[in-house]
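Colleague: okay, structure incoming, though there's no sequence with it:
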(Lines give C-alpha, C1' and ligand atoms only; values in the text may rest on other atoms or scores of the structure.)
Protein backbone atom coordinates (compact mmCIF):
# COMPACT_ATOMS: atom_id res chain seq x y z
CA UNK A 1 0.00 0.00 0.00
CA UNK A 2 1.25 3.46 -0.86
CA UNK A 3 -0.23 6.01 1.58
CA UNK A 4 0.74 9.05 -0.53
CA UNK A 5 -1.20 7.77 -3.54
CA UNK A 6 -4.18 6.84 -1.36
CA UNK A 7 -4.13 10.26 0.30
CA UNK A 8 -4.05 12.04 -3.06
CA UNK A 9 -6.96 9.91 -4.20
CA UNK A 10 -9.00 10.70 -1.11
CA UNK A 11 -8.24 14.41 -1.51
CA UNK A 12 -9.26 14.42 -5.19
CA UNK A 13 -12.46 12.51 -4.49
CA UNK A 14 -13.23 14.79 -1.54
CA UNK A 15 -12.79 17.86 -3.74
CA UNK A 16 -15.15 16.40 -6.34
CA UNK A 17 -17.76 15.49 -3.75
CA UNK A 18 -17.56 18.93 -2.14
CA UNK A 19 -17.91 20.64 -5.52
CA UNK A 20 -20.91 18.49 -6.43
CA UNK A 21 -22.54 19.37 -3.11
CA UNK A 22 -21.73 23.08 -3.40
CA UNK A 23 -23.24 23.24 -6.91
CA UNK A 24 -26.63 22.53 -5.34
CA UNK A 25 -26.30 24.01 -1.87
CA UNK A 26 -24.28 27.19 -2.52
CA UNK A 27 -23.81 27.80 -6.26
CA UNK A 28 -23.05 31.49 -5.65
CA UNK A 29 -19.73 30.45 -4.02
CA UNK A 30 -18.52 28.83 -7.24
CA UNK A 31 -17.20 31.72 -9.31
CA UNK A 32 -15.95 29.50 -12.11
CA UNK A 33 -19.42 27.99 -12.52
CA UNK A 34 -20.93 31.38 -13.24
CA UNK A 35 -18.06 32.32 -15.56
CA UNK A 36 -18.51 29.08 -17.52
CA UNK A 37 -22.25 29.65 -17.77
CA UNK A 38 -21.64 33.11 -19.20
CA UNK A 39 -19.02 31.88 -21.66
CA UNK A 40 -20.69 28.68 -22.85
CA UNK A 41 -24.36 29.19 -21.99
CA UNK A 42 -26.28 27.83 -19.02
CA UNK A 43 -26.56 24.20 -20.09
CA UNK A 44 -23.12 23.68 -21.65
CA UNK A 45 -21.33 25.73 -18.99
CA UNK A 46 -22.97 23.76 -16.20
CA UNK A 47 -22.13 20.45 -17.89
CA UNK A 48 -18.50 21.42 -18.46
CA UNK A 49 -18.15 22.57 -14.85
CA UNK A 50 -19.81 19.43 -13.50
CA UNK A 51 -17.54 17.21 -15.57
CA UNK A 52 -14.28 19.07 -14.85
CA UNK A 53 -14.80 19.89 -11.17
CA UNK A 54 -16.96 17.06 -9.83
CA UNK A 55 -17.10 13.91 -11.97
CA UNK A 56 -13.48 13.84 -13.16
CA UNK A 57 -11.93 14.41 -9.68
CA UNK A 58 -14.15 11.70 -8.17
CA UNK A 59 -13.16 9.19 -10.86
CA UNK A 60 -9.46 10.11 -10.68
CA UNK A 61 -9.61 9.93 -6.89
CA UNK A 62 -11.16 6.47 -6.96
CA UNK A 63 -8.51 5.25 -9.41
CA UNK A 64 -5.72 6.69 -7.24
CA UNK A 65 -7.12 5.01 -4.13
CA UNK A 66 -7.28 1.64 -5.87
CA UNK A 67 -3.78 2.06 -7.28
CA UNK A 68 -2.46 3.16 -3.89
CA UNK A 69 -3.97 0.15 -2.14
CA UNK A 70 -2.32 -2.07 -4.76
CA UNK A 71 1.01 -0.45 -3.94
CA UNK A 72 1.48 1.73 -7.01
CA UNK A 73 3.43 4.94 -6.38
CA UNK A 74 2.64 8.09 -8.33
CA UNK A 75 5.98 9.65 -7.41
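Modeller: Thanks, I have the structure now. Keep in mind that what you see is a predicted model, and the values were worked out from it rather than measured.
Colleague: packing partners of the longest helix belonging to the chain?
Modeller: The residue-count maximum for a helix in the chain (DSSP state H) belongs to helix 3-25. Secondary-structure packing of helix 3-25 (3 or more CB pairs under 8 Å, 6 or more residues apart in numbering; DSSP states H and E): helix 42-50, helix 56-69. For the C-beta atoms, the positions are set from N, CA and C on the backbone; glycine is no exception.
Colleague: so what's the gap between that helix and the chain middle?
Modeller: Mean-position distance between helix 3-25 and its chain equals 6 Å (CA atoms, centre = their mean, to the nearest Å).
Colleague: ok, and what's touching that helix?
Modeller: Helix 3-25 is contacted from outside by 29-30, 33, 49-50, 53-69, 72-75, using CB atoms under 8 Å, 6 or more residues apart in numbering.
Colleague: weed out the non-buried ones from those residues.
Modeller: 33, 49-50, 53-54, 57-58, 60-61, 64-65, 67-68 (16 or more other CB atoms under 10 Å).
Colleague: pLDDT check: weakest of these?
Modeller: pLDDT across the buried ones among the contacts of helix 3-25 is lowest for residue 33, at 91.
Colleague: report the separation between residue 71 and residue 12.
Modeller: 19 Å (CB to CB, to the nearest Å).
Colleague: okay, angle between the helix-or-strand element of the chain with minimal mean pLDDT and helix 3-25 too, please.
Modeller: When each helix and strand of the chain is scored by mean pLDDT, DSSP states H and E, helix 31-40 comes last, with a mean of 92. Inter-element angle recorded for helix 31-40 and helix 3-25: 60 degrees (by axes from the mean of the first three to the mean of the last three CA atoms, to 10 degrees).
Colleague: buried ones in helix 31-40?
Modeller: When burial is assessed from 16+ other CB under 10 Å, helix 31-40 yields the following buried residues: 33, 36, 37.
Colleague: list the contacts of the last one.
Modeller: Residue 37 is in contact with 45, 46, 49, counting by CB under 8 Å, 6+ apart.
Colleague: what do you get if the cut-off is 10 Å, keeping everything else the same?
Modeller: 27, 43, 44, 45, 46, 48, 49 (CB atoms under 10 Å, 6 or more residues apart in numbering).
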